[in-house]
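> fold the following for me, if possible:
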Amino acid sequence: MIRIIPAEVRHLEDSGWLKSYMLFSFSNYYDPDNVQFGSLRAFNDDTVQPGRGFSTHPHSEMEIISVVLEGEITHEDDMGNRGALGKGEVQCITAGRGILHSEVNKGKEALHFYQIWILPSIRGLEPSYSQKKFEESEWQNRLLPIASGQGFENALKINADATIYRSSLDKGHVIHFNMQDNRRAFIYISAGELSVNGQRIGQGDQARIELEQAIHMESASSCTPAEFILIDVSSY
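The predicted model follows:
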């Protein structure tokens with residue numbers, strides 16, 4: 001079963017300095033029918049203006065993954081981590097028993113990034129932090145694991161039964177993804193158009209997939225690569 005959710009029904013919070021498309025209930029947005037998808041709890045498509053950001057705030061019992069598409073974000077936390085992430089970089093935080101952190105756009109251009117929350121496999125973990133830069137060539141015409149709790153060697157480790165993949169698919173290339181029992185897959189399109197088991201989805205659209213044996217993906221545009229995130233999560 002593939003459920004397509006078009007871009008225009010995403011919940012938008014626009015405060016001027018922050019434009020956030022919230023794909024699941026988050027902050028002031030609450031929909032009892034849209035709280036999570038399996039263990040995927042949040043996916044925010046955020047654009048932050050220069051000089052603005054999120055001041056110090058707490059998190060606990062969540063795996064938090066940030067994927068930077070454009071611009072730069074400066075992170076600081078109470079574990080002693082401080083630094084900037086630029087385009088192509090990924091950050092993973094195990095909030096565990098509790099952390100405090102801030103995220104600010106100290107650059108000169110708008111910051112565009114995805115913030116993803118996944119429920120951890122174990123509660124009460126020691127908080128931890130990691131980040132890594134990936135090159136665009138690494139996810140061209142393939143699914144690149146960028147954060148995973150399923151043992152992918154070059155992906156950042158998260159404490160969850162899930163894997164986040166990034167891909168850029170050119171016309172004429174096809175990716176096949178086999179789904180296991182009790183798994184769900186979530187796809188979000190950054191640019192271009194993608195055919196998912198014959199169903200066409202475009203920029204800002206999402207596909208929520210379950211009870212399928214396999215997913216077949218190919219670019220549906222002849223001029224623009226299909227840029228997307230695929231998240232494989234437990235159904236529970």
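> what sits against the closest residue to residue 16 other than its chain neighbours?
Spatially, and ignoring its direct neighbours in sequence, residue 16 is nearest to residue 49 (7.5 Å; Cβ to Cβ, 6 or more residues apart in numbering). (C-beta placed from N, C-alpha, C; glycine too.) By Cβ atoms under 8 Å, 6 or more residues apart in numbering, the contact set of residue 49 is 16-18, 105, 110-111.
> count of neighbours near residue 106?
Around residue 106 there are 14 other residues, counting by other Cβ atoms under 10 Å.
> now do the contacts for it.
Listed by Cβ under 8 Å, 6+ apart, the contact set of residue 106 reads 50-51, 53, 72, 74, 84.
> report the buried members of those.
50, 53, 72, 74 (16 or more other Cβ atoms under 10 Å).
> what sits against the second one?
Spelled out, that is residue 53. If you count contacts by Cβ under 8 Å, 6+ apart, residue 53 has them with 73-74, 102-106.
> and for residue 193?
Contacts of residue 193 (Cβ under 8 Å, 6+ apart): 200-203, 219-221, 224, 226.
> centroid residue for this protein?
Most central in the chain under Cα atoms, centre = their mean is residue 116, positioned 4.5 Å from the mean C-alpha point.
> chain neighbours aside, what residue packs nearest to it?
Nearest residue to residue 116, sequence neighbours excluded (Cβ to Cβ, 6+ apart): residue 65, at 4.4 Å.
> residue 162 is in contact with the one you found, correct?
No: Residue 65 is beyond contact range of residue 162, at 9.4 Å (criterion: Cβ atoms under 8 Å).
> ok, those two, which is more surrounded?
More crowded of residue 65 and residue 162, by other Cβ under 10 Å: residue 162, with 27 against 23.
> what's across from residue 89 in the sheet?
Beta-bridge partners for residue 89, by DSSP bridges, are residue 133.
> and what of the one 4 residues further on?
When bridges are called by DSSP bridges, residue 93 pairs up with residue 64, residue 129.
> what residues does it make contact with?
59, 63-65, 77, 99, 101, 127-129.
> and it, how far from residue 157?
12 Å (Cβ to Cβ, to the nearest Å).
> quick one: contacts for residue 78?
Contact analysis of residue 78 by Cβ under 8 Å, 6+ apart lists 99-101.
> what about 10 Å?
56, 58, 98-102, 127 (Cβ atoms under 10 Å, 6 or more residues apart in numbering).
> one more: residue 148?
The contact partners of residue 148, taken as Cβ under 10 Å, 6+ apart, are 92, 154-158, 160-165, 232.
> I'd like to know how many residues surround the residue lying closest to residue 222 once chain neighbours are set aside.
Leaving aside its sequence neighbours, residue 222 sits nearest to residue 171 (Cβ to Cβ, 6+ apart; 5.1 Å). Residue 171 is flanked by 14 other residues according to other Cβ under 10 Å.
> need the contacts of residue 49 in JSON lines with neighbour count and distance to residue 176, can you?
Converted to JSON lines, the contacts of residue 49 look like this (neighbours: other Cβ atoms under 10 Å; distance: Cβ to Cβ, whole Å):
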{"residue": "16", "neighbour count": "7", "distance to residue 176": "43"}
{"residue": "17", "neighbour count": "14", "distance to residue 176": "42"}
{"residue": "18", "neighbour count": "17", "distance to residue 176": "37"}
{"residue": "105", "neighbour count": "25", "distance to residue 176": "38"}
{"residue": "110", "neighbour count": "15", "distance to residue 176": "36"}
{"residue": "111", "neighbour count": "27", "distance to residue 176": "34"}
